[in-house]
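Return a 3D structure for these sequence lines:
(2 chains)
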2 protein chains.
Amino acid sequence: MDLIDVFKTKKIGDTVELEGWVRNNRDQKEFGFIDFYDGTSVNTLQVVYTKELANFDSITKIHPGSAIEVKGTLVESNGKQEYELKPESINLIGDCPTDYPIQPKRHTVEFLRSQAYLRPRTKLFQAVFKIRSIAAAGIHEYFQNNNYTYVHTPIMTNSDCEGSNQMFKVTTFDLADVPKTEDGSVDYTQDLFGKEAYITGSGQLHGETYAMAFKKIYTFGPTFRTEDSNTKTHANEFWMIEPEMAFTHLEGLMDAEEDMLKYVIKYTLEKGAAEIEFLNQFVSKGLKEKLEKVANSNFVRITHHEAIDLLLGSGEKWEFTPDYESDIAKEHEKWITEHFGAPVFIYNWPKDIKAWYMKLNDDGKTVAAVDLEVPGSGELMGGSEREVDMDKLEELIKIHGVDRSQVEWYVNLRKFGGCYHSGYGMGFERLIMYLTGVENIRDVIPFPRTPGNLNY
Amino acid sequence: MDLIDVFKTKKIGDTVELEGWVRNNRDQKEFGFIDFYDGTSVNTLQVVYTKELANFDSITKIHPGSAIEVKGTLVESNGKQEYELKPESINLIGDCPTDYPIQPKRHTVEFLRSQAYLRPRTKLFQAVFKIRSIAAAGIHEYFQNNNYTYVHTPIMTNSDCEGSNQMFKVTTFDLADVPKTEDGSVDYTQDLFGKEAYITGSGQLHGETYAMAFKKIYTFGPTFRTEDSNTKTHANEFWMIEPEMAFTHLEGLMDAEEDMLKYVIKYTLEKGAAEIEFLNQFVSKGLKEKLEKVANSNFVRITHHEAIDLLLGSGEKWEFTPDYESDIAKEHEKWITEHFGAPVFIYNWPKDIKAWYMKLNDDGKTVAAVDLEVPGSGELMGGSEREVDMDKLEELIKIHGVDRSQVEWYVNLRKFGGCYHSGYGMGFERLIMYLTGVENIRDVIPFPRTPGNLNY
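The predicted model follows:
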């Protein structure tokens, strides 16, 4: 059976039969301790074996990392655990030599990154990737419970309206011998799709087409950016959730974001209690309290203009001077969330620094966009009401230099039964960093892809 | 509120306020009918308006496809529905001109494919893509309930051990001007990752690394194949579920597949009752009965050798002669599932026609692979126990010509605490075709990608 089910359902006196791995094996003369795990929980079970077992000597020689099967009875423990296992038998299934890179000692995350295929066996990464799995399940549960339809927007696309300079190209050509036309340009007619192809940076535009059919939809899939940036928060491949809601204005959008985030945090705190406990203790002190607080707080809602007022009036010395026409800097985000001690929605942004499809407000200067800033992590979600006025949208397309022929179908959504609607995007890794307290995006993605790094 | 919640919770006499779209609007002199939907259910609500409404005349002119908001009271219906809506007000939110391609009449699926961004508004595609969403949720729920960890295996990879000739290349290069080294080969050091990159055809090998940490894992993500094949069952981009289970032999693998499939079918029948009803009536007569039967059947388990025996002894005239050393053809799959009237696991396949990582059986001739064949759809899942004997695996790598340096990490899984383990893959679109009765893969993917087809 699975160790997590032992923890959930078994009590002292029960017999269990388990398969899993040895995190540590310390033997003394008459008895020994195996720190046993199977990965279904971050918690381990202590197996205390004695000379009563016929193969005692060979058990003492089992190396950390080995796979074993163990049968026995749960008995009272002298340690911190509720119980420990008194084994009737311990059998080695798969040995692990002493050159095994993961030893029962403290490894740096940098070293573990170099062992990406083995690091999920450590307690730290067991906790992180279990939370990743749980949060994903919580996200699906939230949207399904609230009548959103899950849509798989395409990964390969020929729509580059979000900026093809940031998109990976995808092809079946031999790159050493790309077919050319007579004028020397690439002959895409010979490629599988007969045209230029990319892998997507966002499913939003496609998602909107489905929101106009299903009222509320969400995407949850991988996205890609070519950014040549080596920071703690950038990866070239990451997962995004992009919900889109018909018949929803900016206020309803903020309600939807807040409701979702609180649900997912509560879900994670409940289903990932052991993992959060571990992370709270060893990675980020106060993590649990932070999450519980946010799950029960009311998110603050201020305009960009109000935010700049606050920043300018704060008396702080800023590296970047707050400005009514500009984006806010990381230092500003930090100050604002600390000032309120809660997540803060900042809405109505200067139109020139936001995307072309966002709804122009009546002031003619701002768009109905909203970013959610959370304490300790900065921007977690970004969204907007979409422009649905055909004339304004056509104007925005011109101003931003979007290729009109590429977005014909998108514009048509306004023509055929269009309605006010809004949507947001949440970077899944950002959320996982927030939920785990882990500070480097490389440590919340199983096999991270960053510039110069494409291993496995 | 959402229409599906009206159906679930409201009764005659209740007042409701809804936003959605007009599927049809038929007016007579004194009253009119609007067939109203909002996409949260495939079912529509009949709105019966009369001259009592001040804007009666303009309501009669609302075109199909328009977005409206409607308030009113649920009243007894003379039709088949439980109730209809007597409106207090109907307001037009977004008009829809008469050149709207989706009219209230029968459209061919071929025509609708050419309107991929509008087709989810039709009842057929509302049903199909709602089932797609529900089935995805059911899959997550099953695996989460059973202690599997959800793993996002990488999409971009430099591992081409599954056959790079079937993989798309991905690059940041300008294809018109690919950098070359002095000897004329591609200078990948100048690409973002500094090496050749592909988008994945399978997450299995990466998934195995996580199964060796979490015991049971599953992937659920997009996969890509360059196959230049225009059939009803091939697409170049599709979603796969690839579970992998440590400490699991072939028999346990079949148990796991059967358990999962039955759960997902039951989940879909329950949560998608209205959609299955619609599909049963208009797409595939007997669909519901077929699914209910499978969900309650015991799947048959026969070896490949036994399957060939049966085929040879059947007295049928085959286009492809059944052969103990070969794959079985579509006609064979069909006969076998019809013969048993149930899903059939066929296991222990000739080693030469299966993948290099599958466990060699003691007979030296077959591998512990298993395909699940389902009535009416053929192969739905394929899996195997994996080879864990280091010597045998090294031998298989040589025989199949796999680049050893590429799979060093994979081989190491056998060295560091290795254990018997098994896994399977299920094509998500195959499942959706099976659950909906829809026969063309282009009609179960929102924006399908097939050779020459990369629209939107």
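
Against which helices or strands is the lowest-mean-pLDDT helix or strand in chain A packed?
Least confident helix or strand, chain A: helix A:390-399 with a mean of 90, by mean pLDDT, DSSP states H and E. Applying 3 or more CB pairs under 8 Å, 6 or more residues apart in numbering or on different chains; DSSP states H and E, one finds that helix A:390-399 contacts helix A:408-415. C-beta here means a position set from N, CA and C on the backbone, and glycine is covered the same way.

who does the helix it packs on touch, helix- and strand-wise?
If you count contacts as 3+ CB pairs under 8 Å, 6+ apart, helix A:408-415 packs onto helix A:204-214, helix A:390-399.

can you tell me the average pLDDT over that helix?
Here helix A:408-415 scores 95 as its mean pLDDT.

between that helix and helix A:204-214, how many degrees?
Orientation check (axes from the mean of the first three to the mean of the last three CA atoms, to 10 degrees): helix A:408-415 against helix A:204-214 gives 40 degrees.

where's A:Arg26 relative to B:Gly417, distance?
For A:Arg26, the distance to B:Gly417 equals 18 Å [CB to CB, to the nearest Å].

ditto for A:Phe428
30 Å.

Pick the most deeply packed of the helices and strands packed on helix A:408-415.
Stretch with highest mean neighbour count among these: helix A:204-214 (a mean of 26; mean count of other CB atoms under 10 Å in any protein chain shown).

So that one, near chain B or not?
Yes - applying CB under 8 Å from any CB of the partner chain, one finds helix A:204-214 touching chain B at A:206, A:209-210, A:212-214.

How far does stretch A:411-418 sit from its chain's centre?
33 Å (CA atoms, centre = their mean, to the nearest Å).

Name the residues of it that come out as buried.
A:412-414, A:416-418 (16 or more other CB atoms under 10 Å in any protein chain shown).

Out of those residues, which two sit at the greatest distance?
A:Asn412 and A:Gly417 (10.2 Å; CB to CB).

burial of the closest residue in space to A:His332 that isn't next to it in sequence, as a residue count?
Counting by CB to CB, 6 or more residues apart in numbering or on different chains, A:Leu311 is the residue found nearest to A:His332 once chain neighbours are left out, at 5.4 Å. By other CB atoms under 10 Å in any protein chain shown, 21 other residues sit near A:Leu311.

For A:Leu311, give me its contacts.
Each residue near A:Leu311 by CB atoms under 8 Å, 6 or more residues apart in numbering or on different chains is listed here: A:318, A:322, A:328, A:332, A:335-336.

Point out the residues in the stretch 351-456 of chain A that sit beside chain B.
Residues of the stretch 351-456 of chain A lying near chain B (CB under 8 Å from any CB): A:388, A:409, A:412-420, A:445-447, A:449, A:451-456.

can you list the weak-confidence ranges in the stretch 51-200 of chain A?
By pLDDT under 70, the low-scoring segments of the stretch 51-200 of chain A are A:160-165.

ok, which stretches of it are helices?
A:56-60, A:109-113, A:123-145 (DSSP state H, counting those that start in this stretch).

Which residues does A:Met245 form beta bridges with?
Note on A:Met245: beta-bridge partners by DSSP bridges are A:Lys216, A:Ser422.

Am I right that it is in contact with A:Ala211?
Yes - counting by CB atoms under 8 Å, A:Ala211 is a contact partner of A:Met245 at 6.4 Å.

hey, what's in contact with both of the two?
By CB under 8 Å, 6+ apart, the residues touching both A:Met245 and A:Ala211 are A:421, A:423.

hey, C-alpha coordinates of the least confident helix or strand of chain A in PDB?
Written as PDB, here are the backbone C-alpha positions of helix A:390-399 (Å, rounded to 0.1, in the frame of the first residue of the first chain):
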ATOM      1  CA  MET A 390     -14.900  47.400 -33.000                       C
ATOM      2  CA  ASP A 391     -13.700  50.900 -33.900                       C
ATOM      3  CA  LYS A 392     -11.500  51.300 -30.800                       C
ATOM      4  CA  LEU A 393     -10.100  47.800 -31.400                       C
ATOM      5  CA  GLU A 394      -9.200  48.600 -35.000                       C
ATOM      6  CA  GLU A 395      -7.500  51.700 -33.900                       C
ATOM      7  CA  LEU A 396      -5.500  49.900 -31.200                       C
ATOM      8  CA  ILE A 397      -4.500  47.300 -33.800                       C
ATOM      9  CA  LYS A 398      -3.100  50.100 -36.000                       C
ATOM     10  CA  ILE A 399      -1.300  51.900 -33.200                       C
END
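
residues making contact with it?
For helix A:390-399, contacts defined as CB under 8 Å, 6+ apart pick out A:356-357, A:360, A:387, A:404, A:407, A:411, A:414-415.

again, only using 6 Å
A:356, A:360, A:387, A:404, A:414 (CB atoms under 6 Å, 6 or more residues apart in numbering or on different chains).

Counting neighbours, what do you get for the fourth one?
By that I understand A:Arg404. By other CB under 10 Å, 12 other residues sit near A:Arg404.

now the first one
Residues near A:Trp356, counting by other CB under 10 Å, number 19.

what's the closest non-adjacent residue to it?
Residue nearest to A:Trp356 in three dimensions, not counting chain neighbours: A:His400, with 3.7 Å by CB to CB, 6+ apart.

likewise the fourth one?
Excluding its sequence neighbours, the residue lying closest to A:Arg404 (CB to CB, 6+ apart) is A:Ile397, at 5.7 Å.

do you know how far the one you found is from A:Glu52?
79 Å.

hey, where'd the strands end up in the stretch 1-150 of chain A?
With DSSP state E, counting those that start in this stretch, the ranges of strands along the stretch 1-150 of chain A come out as A:15-27, A:31-37, A:45-50, A:67-76, A:83-94, A:149-150.

and among those strands, the most buried is which?
The most buried one of those (mean count of other CB under 10 Å) is strand A:149-150, showing a mean of 24.

nearest residue to A:Asn440 other than its sequence neighbours?
Nearest non-adjacent residue to A:Asn440, counting by CB to CB, 6+ apart: A:Lys232, 4.7 Å away.

nope, A:Asn453 is what I was after
Leaving aside its chain neighbours, A:Asn453 sits nearest to B:Phe193 (6.9 Å; criterion: CB to CB, 6+ apart).

What is the burial count for that neighbour?
The tally of other residues near B:Phe193 (other CB under 10 Å) stands at 21.

Go ahead and confirm it touches A:Leu454.
Yes - B:Phe193 is within contact range of A:Leu454, at 3.7 Å (criterion: CB atoms under 6 Å).

same question for stretch A:344-359, mean pLDDT?
The average pLDDT for stretch A:344-359 rounds to 95.

First-to-last residue distance for that stretch?
Distance between the boundary residues of stretch A:344-359 (CA to CA, to the nearest Å) amounts to 21 Å.

Now do that stretch: distance to the chain's middle.
24 Å.

Equivalent analysis for stretch A:42-55, please.
Mean-position distance between stretch A:42-55 and its chain equals 37 Å (CA atoms, centre = their mean).

From the rest of the structure, what touches it?
A:23, A:30-37, A:59, A:70, A:84-85, A:87, A:126-127, A:274-275, A:278.
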